[in-house]
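Engineer: just the structure for this:
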Amino acid sequence: MNAHITIGILGSDERSVALAQILAATGARLSFADPSARERAESAAHALHAKTGTPYHIAAISDVLVFASDPSHVDALLARLGTIPHETIVLDATPATGARPERAVLLAHKIDSHRVVRALLPTPKPGAVVTLCGDDPEARAAVTELLRAGRMEVADRGGLAAAVELERAAGHAA
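Structural biologist: Numbers count the residues shown, from 1 in each chain. All right, here's what the predicted structure looks like:
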C-alpha cells in the first residue's frame, strides 16, 4: 500500500531529511520542496531518489504533506502552498521546542482541515517513539501505518487538543 502513497516533504534541513529517510524505507514516493534552500532540497531528493518541486506543486500531488523543519517557516510555506486538497493528510512533525504548543490546532484552522496530525517526536530515527494527535481517526491511522512501516513506535493520544496539553506539560511553550 505504501508504494502508492505520495509524500511531500516541506523542508530539507537535517530533521526533514531524517524523517524522509524513514518514510522512504516504507516504499512511499517522496517529493521535496524548500523555497529557502532549493539546492539542499535537490541534494536531499537526489540522495533518496525523490523528486523536487515548488511547494504549490508538492501540495497538489501529495497524499501526505509533511512539515518537519523549523516551525517558524510554516507560515511562509503556507503562503506558497495554494489550496491543499481536502483529502490530503497534513503531518506537523516540526520540533516541539521554540514554538507555540497550539500550533497544530492553528495549522488546522489556517488550512481549514480536520486531517492535520501532530507528531511529537525527538530526533526522527527507527525505534523512536512518536506521539500522534489528530482529530481525524483515519488520518491518524494512516500516519501510524506509515511510521510503523518505517520502524518507529507510535503512541496515539487522540485529538489535536491532546497535543497542546502534552506540549505544555513538557514545557515547550514559547
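Engineer: surely residue 65 forms part of a strand?
Structural biologist: Yes. Residue 65 forms part of a strand when assessed by DSSP: H, G, I helix; E, B strand; the rest coil.
Engineer: which residues does the residue nearest the centre of the chain bridge with?
Structural biologist: Residue closest to the average C-alpha location in the chain (Cα atoms, centre = their mean): residue 66, at 2.6 Å. Counting by DSSP bridges, residue 66 is bridged to residue 9, residue 91.
Engineer: right, and it touches residue 7 too?
Structural biologist: Yes. Taking Cβ atoms under 8 Å as the definition, residue 66 is a contact partner of residue 7 at 6.2 Å. All C-beta spots, glycine's among them, are computed from the backbone N, C-alpha and C.
Engineer: quick one: residue 151 and residue 127 touch, right?
Structural biologist: Yes. Contact criterion Cβ under 8 Å: residue 151 and residue 127 qualify, at 6.4 Å.
Engineer: give me the low-pLDDT residue ranges for this protein?
Structural biologist: Residues of the chain that meet the criterion pLDDT under 70 lie in 1-3, 97-99, 101, 171-174.
Engineer: now list whatever residues contact both of residue 66 and residue 7.
Structural biologist: 20, 23 (Cβ atoms under 8 Å, 6 or more residues apart in numbering).
Engineer: what's near enough to touch residue 17?
Structural biologist: Contacts of residue 17 were listed using Cβ under 8 Å, 6+ apart, and they are 44, 47-48.
Engineer: distance check, it against residue 153.
Structural biologist: Separation of residue 17 from residue 153 (Cβ to Cβ, to the nearest Å): 21 Å.
Engineer: quickly find the element holding the closest residue in space to residue 125 that isn't next to it in sequence.
Structural biologist: Spatial nearest neighbour of residue 125, excluding adjacent residues (Cβ to Cβ, 6 or more residues apart in numbering): residue 18 at 6.6 Å. Per DSSP states H and E: residue 18 is located in helix 14-24.
Engineer: what's the first helix or strand after that helix?
Structural biologist: strand 29-33.
Engineer: tell me where the chain has helices.
Structural biologist: All helices of the chain, identified by DSSP state H, fall at 14-24, 38-47, 55-61, 74-81, 103-111, 137-149, 160-169.
Engineer: neighbouring contacts of stretch 71-85?
Structural biologist: 10-11, 33, 35-36, 54-56, 59-60, 65, 67, 90, 94-95, 98-99, 103, 107, 110-111, 113.
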